[in-house]
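A structural model of the following input is requested.
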Amino acid sequence: MTFLWLLEGIRTPFLDKLMQLITYFGQELIIIAVICVLYWCADKRFAYLLGFTYFTAGLCVQSLKITFRIPRPWILDPDFTAVKSAVPGATGYSFPSGHTQGATCLFFPLALKAQNIWCKILCILAFLSIGFSRMYLGCHTPKDVLVSMLISILVSLVIWKLQTFLLDDSRYLKQIASILALLSFAVAAYALVLKSNGTIETKYATDCCKAAGAGLGFAIGWYIERTKMNFDTHTGNIVTQILKLIIGLIIALLIKEGFSMIFGSSILAKMAEYFILVLWVLVIYPFIFSKILRRNVCSNI
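Residues are numbered from 1 along each chain as shown. The predicted structure follows:
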């Protein structure tokens, strides 16, 4: 809190807006959008690596949140005030930082993959800047940010080291998918048990179950695509690729924003929303697109 009070003393309207812009790149929509671009149009293998990293670290961070149940800084110290524009996006408990986890799981693997040293430096500066923005905005303490960063880096390194086993070896697909699915179910069950005995409120359990739904969707979608589909990322010309990306992202956004309007905002509904959203990205949309493309090719012949 001492460090956050120090940062509050240097706040200006310009810095508030700049840090709010920087922190936006740690939001889940940005990370999922990047995975979509890579998976549908550029590098499916690396998109899978990001997915394993992001969803696994997300399950860890969300589990820690409901285990330690540390309040936000403005609750820890009622005299402290966060930047107003950042408060609506600061859902859930404070420790560890979810935005920092998302940013690190995106930019640290990009740094590992980059060949150019300056690209590596920029990627590292990106997640460090997002972590700092969370503290500047008053949403997290240094402990929240640093622990989240450490967890995400460790998970990223483990996935990076195991990438040949996870992404290229087809002998253990069912076992890997089963482990991730069981981990997702375990996290959801843990959150629901804590909610049922009154330890945590519904909103905190919901955040945890959303991560579990996404993890389950990734496990099942990854297995189905690897064993049944083998979607070709590079199918189609540049115009086809652009249209594929735009249409896919629009429908993904509609699922993200419209699911609750139809099915409500209960814990199970939110879990199903994230499950279907990830399945849309990995399996449903690639299947539909491949079918349409093959039909057009056959009709032209």
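
use CA for all of it now, contacts and neighbours both
Noted.

tell me which element residue 18 falls in.
With elements delineated by DSSP states H and E, residue 18 resides in helix 13-24, which encompasses its position.

touching that helix from outside, list them.
Residues outside helix 13-24 that contact it (Cα atoms under 8 Å, 6 or more residues apart in numbering) are 30, 83, 85-86, 99, 129-131, 133-134, 136-137.

in that helix, which residues are buried?
Using 16 or more other Cα atoms under 10 Å as the test for burial, helix 13-24 gives 16, 19-20, 22-24.

before we move on, the earlier item: let me know the closest of the contacts of helix 13-24 to residue 285.
Of all these, the one sitting nearest residue 285 is residue 30; the distance, using Cα to Cα, is 18.8 Å.

look up the closest residue to that closest one, ignoring the ones flanking it.
Distances taken as Cα to Cα, 6 or more residues apart in numbering put residue 24 closest to residue 30, at 7.8 Å, once the chain neighbours are dropped.

what does the pLDDT read for the one you found?
With respect to pLDDT, residue 24 has a value of 91.

what of residue 19?
Each residue has a pLDDT score; the one for residue 19 is 94.

that one and residue 140: what is the separation?
Residue 19 sits at a distance of 13 Å from residue 140 (criterion: Cα to Cα, to the nearest Å).

do residue 222 as well
Going from residue 222 to residue 140 by Cα to Cα gives 33 Å.

so which of those two has more stuff around it?
When residue 222 is set against residue 140 and neighbours are counted by other Cα atoms under 10 Å, the residue ahead is residue 140, at 30 against 24.

which ones are touching that one?
Residues in contact with residue 140, defined by Cα under 8 Å, 6+ apart, are 72-73, 94-95, 97, 134.

next one: residue 225
Each residue near residue 225 by Cα under 8 Å, 6+ apart is listed here: 231, 282-283.

from these, which is closest to residue 105?
When the contacts of residue 225 are compared for distance to residue 105 (Cα to Cα), residue 282 wins out at 18.6 Å.
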